[in-house]
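Engineer: Just the structure for this:
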Amino acid sequence: MLALKRILVPIDFSPTSERALRHARELAATYSAELILLHVIEAPSMPSIYGVAYAEAYGHVPDVEQRVQVALQHLMRDVHWGDLKRGVSYHVRQGQAANEITDYAAEHDVDLIVMGAQGLSRFERMLMGSVAKRVLARAPCPVLIIRKAGKDMVPPSEPIRGQVATPDIA
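Structural biologist: Got it, this is the predicted structure:
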């Protein structure tokens, strides 16, 4: 039998990370594991046009962090958590996403990372690489990658969130 005590779910508020959360929630309920949500605020890695667009879209990082905190609070309130015996928590970090995810997993003795794989274009993969691929290469524990589309292990019949929409952080 698997001994899952802590399950980490990187959250970026995309539909794919929402699918990953649905799977992680079921695993946490099945194995009586603690569920940990982690959002990483990434500073732009390319200081050129992307950096300007980032500054225009997000403003100062404290504003981004505040909006992420609000979005995570809404997610905590709106998701049907069922009977998670060990509870659920969320955390926000700043830095390079793959490094922060794997560092958090190592620091907190995480047993499983459940994360969504975003569909990047070939150009984006060549330029930036895939966060999921880098987490998979560095993770101190097993990683379950949930694809953007495909067969679900958990029926999508129950919506992950209630009627209240998560505020847009972009």
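Engineer: what stretches of the chain score poorly on pLDDT?
Structural biologist: 1, 43-62, 80, 119-129, 148-170 (pLDDT under 70).
Engineer: Recalculate using a threshold of 50.
Structural biologist: Across the chain, the ranges flagged by pLDDT under 50 are 46-52, 54, 127-128, 161-167, 169-170.
Engineer: So which residues of this structure form strands?
Structural biologist: 6-10, 34-41, 88-94, 112-116, 143-146 (DSSP state E).
Engineer: and the angle for the longest one with strand 6-10?
Structural biologist: Orientation of strand 34-41 against strand 6-10 (axes from the mean of the first three to the mean of the last three C-alpha atoms, to 10 degrees) gives an angle of 30 degrees.
Engineer: In CSV, could you pull the C-alpha coordinates for strand 34-41?
Structural biologist: What follows is strand 34-41, C-alpha atoms only, in CSV (Å, rounded to 0.1, in the frame of the first residue of the first chain):
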residue,chain,number,x,y,z
GLU,A,34,-2.4,16.3,3.7
LEU,A,35,-3.0,18.4,0.6
ILE,A,36,-0.7,21.3,0.0
LEU,A,37,-1.3,23.9,-2.7
LEU,A,38,1.6,26.0,-4.0
HIS,A,39,1.6,29.0,-6.3
VAL,A,40,5.0,30.3,-7.6
ILE,A,41,5.2,33.9,-8.7
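Engineer: Show residues contacting that strand.
Structural biologist: 5-13, 21, 24-25, 28, 61, 64-65, 68, 72, 75-76, 81, 84, 86-97, 100-101, 104, 108, 110 (C-beta atoms under 8 Å, 6 or more residues apart in numbering). All C-beta spots, glycine's among them, are computed from the backbone N, C-alpha and C.
Engineer: May I have the strands that pair with it, each with its orientation?
Structural biologist: Partners of strand 34-41 in the sheet, by DSSP bridges, are strand 6-10 (parallel), strand 88-94 (parallel).
Engineer: Residue 84 - how many residues pack around it?
Structural biologist: Applying other C-beta atoms under 10 Å, we find 14 residues neighbouring residue 84.
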